[in-house]
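Trainee: Here's a sequence, model it:
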Amino acid sequence: MNTLAISAQGLRKSYGDKTVLDGVDLAVPEGTIFALLGPNGAGKTTAVKILSTLVSAGPDSGPIRVGGHDLATHPQAVRRSIGVTGQFSAVDGLITGEENMLLMADLHHLSKREGRRVAAELLERFDLTEAAGKPASTYSGGMKRRLDIAMTLVGDPRIIFLDEPTTGLDPRSRHTMWQIIRELVTGGVTVFLTTQYLEEADELADRIAVLHGGKIAAEGTAEELKRLVPGGHVRLRFTDPDAYRGAASALTEAARDDEGLVLQQPSDGSQRALRELLDRLQTAGVEADELTVHTPDLDDVFFALTSTVPSQSASPSKEALR
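Mentor: Numbers count the residues shown, from 1 in each chain. Below is the predicted model of the structure:
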């Protein structure tokens, strides 16, 4: 089993009467991408702030280890092993990209020579060399995000927290950022990602946890989570009313749209299920003009898990994935 880069048991945090995190367990193996999903106010950013030592956990939280270090007793060691990029850029727009990098090198106590070497390497790696001498205020949103992550890497962290790193980016810049994140993990870095973009989690994450009501509603791979949610179906559209009626008689469990001549047959989308469906239509002597398969995606999972009041008895759990 992989060594854990991050582990937390019973993570709790309250602000006054409001409970933000209510017994959250986390286990993130080294060299993987872990995505924490949840609606606004679910506690994603609070979890990142606790794990990155920016705020303290609740007094009744269980043990937390980051980078092999106990968060409560060795916070400085944790800080040396991590990097954090938040929703809002830490880039100083009044100075150049290179000056931002050198400032970060100074904060990490690198010598001037080493700082310049590291800054130059990272600026080149993130395709910012040509813009290095320009004020960061002139950078596009995607360039600022790249500079932000480059600054985070100055200290060579083995764990990086990315709190909604692609918020506000256009699709091209978002895909560029995804490639950067993949390359980081290829180099052995662990990435803890919070995001509201379900496509982003589906595209990047090795494991995904959905946070709702201060608890983990479900956790697993993208495919495991998709299997938790019912709603897969085959949509059959007809142009001939007689064929539609014949198919409806053969597929008695299908939802009907008599006006649109459309049937929606529950299905898991497997080859076996599709073959059985087609056999039933053939037996009935009818043929659909259009057939489309819909299987639950992360949007379905997200809405199913976060649209109800969480409860221990009703919410899908890790046990459901085993």
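Trainee: For this structure, just list every one of the helices.
Mentor: Here the chain has its helices, by DSSP state H, at 44-51, 75-81, 97-107, 112-125, 141-152, 171-186, 198-204, 222-228, 241-250, 271-284, 298-306.
Trainee: Pull out the buried residues from the longest one.
Mentor: Pointing back at helix 171-186 there. 173-174, 176-178, 180-181, 184-185 (16 or more other Cβ atoms under 10 Å). No exception for glycine: its C-beta is placed from N, CA and C like everyone else's.
Trainee: Now do it, average pLDDT.
Mentor: Summarised as a single mean, pLDDT over helix 171-186 is 90.
Trainee: Provide a list of residues in contact with the closest residue in space to residue 128 that isn't next to it in sequence.
Mentor: Take residue 128 and drop its neighbours on the chain: the residue closest to it by Cβ to Cβ, 6 or more residues apart in numbering is residue 97, 5.5 Å away. Listed by Cβ atoms under 8 Å, 6 or more residues apart in numbering, the contact set of residue 97 reads 123, 128, 131-134, 136, 139, 147.
Trainee: Nearest to residue 17, out of the helices of the chain?
Mentor: Checking the helices of the chain against residue 17 by Cβ to Cβ gives helix 44-51 as the closest, at 15.5 Å.
Trainee: show me the contacts for residue 283.
Mentor: By Cβ under 8 Å, 6+ apart, the residues touching residue 283 are residue 250.
Trainee: For it, give its distance to residue 251.
Mentor: 11 Å (Cβ to Cβ, to the nearest Å).
Trainee: wait, isn't residue 219 in contact with residue 206?
Mentor: No. Taking Cβ atoms under 8 Å as the definition, residue 219 is not a contact partner of residue 206, at 11.6 Å.
Trainee: These two: which has the busier surroundings?
Mentor: Neighbours were counted for residue 219 and for residue 206 using other Cβ atoms under 10 Å; residue 219 has more, 22 against 15.
Trainee: how many neighbours does the closest residue to the more buried one other than its chain neighbours have?
Mentor: Distances taken as Cβ to Cβ, 6+ apart place residue 209 nearest to residue 219, at 4.1 Å, with adjacent residues excluded. Neighbour count of residue 209, defined by other Cβ under 10 Å: 25.
Trainee: just for the chain, where's the confidence low?
Mentor: Counting by pLDDT under 70, the chain shows low-confidence ranges at 1-2, 87-89, 308-322.
Trainee: what about 50?
Mentor: In the predicted model of the chain, residues 1, 310-322 satisfy pLDDT under 50.
Trainee: Can you give the domain ranges for it?
Mentor: 4-91+139-227, 231-294 (automatic domain parsing).
Trainee: Pairing partners for residue 84 in the sheet, please.
Mentor: residue 161 (DSSP bridges).
Trainee: May I have the residues that are in contact with it?
Mentor: 48, 52, 54, 152, 160-161, 163 are the contacts of residue 84 under Cβ under 8 Å, 6+ apart.
Trainee: Next, report how far stretch 46-58 is displaced from the centre of its chain.
Mentor: 19 Å (Cα atoms, centre = their mean, to the nearest Å).
Trainee: how about it: buried residues?
Mentor: 46-53, 57-58.
Trainee: same check, this time on stretch 190-202
Mentor: Buried, per 16+ other Cβ under 10 Å, within stretch 190-202: 190-198, 200-202.
Trainee: Return that stretch as CSV; C-alpha atoms alone will do.
Mentor: Only the C-alpha atoms of stretch 190-202 are listed here, as CSV (Å, rounded to 0.1, in the frame of the first residue of the first chain):
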residue,chain,number,x,y,z
THR,A,190,1.0,14.8,-4.4
VAL,A,191,-1.8,17.2,-5.3
PHE,A,192,-4.8,17.9,-3.0
LEU,A,193,-7.3,19.7,-5.3
THR,A,194,-10.5,21.4,-4.4
THR,A,195,-12.7,22.4,-7.3
GLN,A,196,-16.3,23.1,-8.3
TYR,A,197,-15.6,22.0,-11.9
LEU,A,198,-16.8,18.3,-12.0
GLU,A,199,-15.2,17.8,-15.3
GLU,A,200,-11.9,18.8,-13.7
ALA,A,201,-12.1,16.2,-11.0
ASP,A,202,-13.2,13.6,-13.5
